[in-house]
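> When you get a sec, could you give me coordinates for this:
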Amino acid sequence: MRFISPKTDFAFKRIFGSSEHPEILISFLNAMLYGGERIIQDIEIIDPYSAASVTGLKDSYLDVKAKITGNKTVIIEIQVLNVAAFEKRVVYNAGNTYCNQLKAGDGYLRLNPVIALTITDFILFENSEKLISNFVFTETEENFPYPNCELKLVFVELPKFKKELNQLETLAEKWIYFMKNSPSLDEVPATLGSVTEINSAMTIANRANLTVKEAEDLDKREMFIQDQLGSVMKGIEIGIEQGIEIGIEQGIEQGIEQGIERGIEQGIERGIEQGIERGIEQGIERGIEQGIERGKLAGQTALIMRQIVRRVGEVAPEVQANIQRLSAEQLDDLGEALLDFTTQEDLIVWLDSALG
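Numbering: from 1, shown residues only. Have a look, this model is predicted:
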């Protein structure tokens, strides 16, 4: 048996967004939000899964919305890549869902609580070892909650989960193990299969149950995610190399300046030595930061160039030069617009408009 990864939009919505198997999402949410207690008894999936071609390959996240017991709305989101302004988008989605409950003329009493459950495939909170983190409005000094606080943010960071199959105890641990490791399994382990809902989820995730078209769409999504991850890693490698070179130069200059200041008090010879050492360290740090940013942009540009070649064929050097002038935001826009291009002329017209 081979299982598809729940960390792709196709598989995630197929497993958790199925209106035919709401018990799967109920069990998953009770595990993530309520420590495995059966708080949620009924659920209405707002955006149910429907078998269709995978679209929107530009997106790096996927979500399902549902209404649960107590008239609460839950947004369940998987974030595969750590992108800029990700934390802002989580808050925006939660706030937007909360506000959009009201129609013109409705009173505020019609507003119901919203929970944003976000599962990340990267570490978000570096200073905490918690696997599941919960956030609500609280007073900053005494930490008492805001009255009728109806917005809650819950984060699950998959890389922090290190337990093996024989160490699983709670329902939450079993679901998280399924989310993180199901593609590497070749059968349904007894530990997971003992939970009826997880057993059903693995049956749905069995690759043998996919049509040929669904399997092709899934492969495209997985290839796209791997391309993005590869571009980021390549960008970081390039950035580190360039950052070290730039950092050493900047560090020496900054070190000399700092050394002179300290040398006035402790002696020019000792001050220059210490200033250079400290300056090199700070310069390397600054250089690496700048290099990583440049590297990310270079990696993003390289990814776009590969997609352009696949779409419209090789382009002239002057067109490539114009593409390299684009900002990160413009590259994002080009990646989305590229889906509609059929000729190189479409690309040139878009570049002329973007670059003024």
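> all helices for the chain, in order.
For the chain, the helices defined by DSSP state H occupy 9-16, 22-34, 86-99, 171-181, 190-193, 196-205, 212-266, 268-312, 317-324, 328-337, 344-355.
> Most tightly packed of those?
By mean neighbour count, with neighbours taken as mean count of other C-beta atoms under 10 Å, helix 9-16 ranks first of the helices of the chain at a mean of 24. C-beta here means a position set from N, CA and C on the backbone, and glycine is covered the same way.
> What angle do helix 22-34 and that one make with each other?
If you take axes from the mean of the first three to the mean of the last three C-alpha atoms, to 10 degrees, helix 9-16 sits at 100 degrees to helix 22-34.
> so what secondary structure elements neighbour helix 9-16?
Applying 3 or more C-beta pairs under 8 Å, 6 or more residues apart in numbering; DSSP states H and E, one finds that helix 9-16 makes contact with helix 22-34, strand 61-68, strand 72-79, helix 196-205, helix 212-266.
> among these, which is nearest Asn181?
Closest approach to Asn181 among these is made by helix 196-205 (11.3 Å; C-beta to C-beta).
> Show the average pLDDT along stretch 88-105.
Stretch 88-105 carries an average pLDDT of 88.
> ok so, going back, need the helices and strands packed on helix 9-16 in JSON lines with mean pLDDT and distance to Ala190, can you?
As requested, the helices and strands packed on helix 9-16 are exported to JSON lines (pLDDT from 0 to 100; distance: least, C-beta to C-beta, whole Å):
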{"stretch": "helix 22-34", "mean pLDDT": "94", "distance to Ala190": "17"}
{"stretch": "strand 61-68", "mean pLDDT": "71", "distance to Ala190": "28"}
{"stretch": "strand 72-79", "mean pLDDT": "86", "distance to Ala190": "26"}
{"stretch": "helix 196-205", "mean pLDDT": "94", "distance to Ala190": "10"}
{"stretch": "helix 212-266", "mean pLDDT": "71", "distance to Ala190": "27"}
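> can you put these in JSON lines and add distance to Leu331?
As requested, the helices and strands packed on helix 9-16 are exported to JSON lines (distance: least, C-beta to C-beta, whole Å):
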{"stretch": "helix 22-34", "distance to Leu331": "35"}
{"stretch": "strand 61-68", "distance to Leu331": "18"}
{"stretch": "strand 72-79", "distance to Leu331": "20"}
{"stretch": "helix 196-205", "distance to Leu331": "34"}
{"stretch": "helix 212-266", "distance to Leu331": "11"}
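> Which one of these lies nearest to Asp186?
Of all the helices and strands packed on helix 9-16, helix 196-205 sits nearest to Asp186, with 11.5 Å by C-beta to C-beta.
> and that closest one with helix 22-34, angle?
Using the same axes, to 10 degrees: helix 196-205 against helix 22-34 is 120 degrees.
> tell me the contacts of Arg325?
Leu355 (C-beta atoms under 8 Å, 6 or more residues apart in numbering).
> Now the phi/psi pair for it, please.
With angles defined as degrees, to the nearest 10, Arg325 sits at phi -80, psi -10.
> what about it, distance to Glu318?
From Arg325 across to Glu318, the span is 11 Å (C-beta to C-beta, to the nearest Å).
> Sounds good, over and out.
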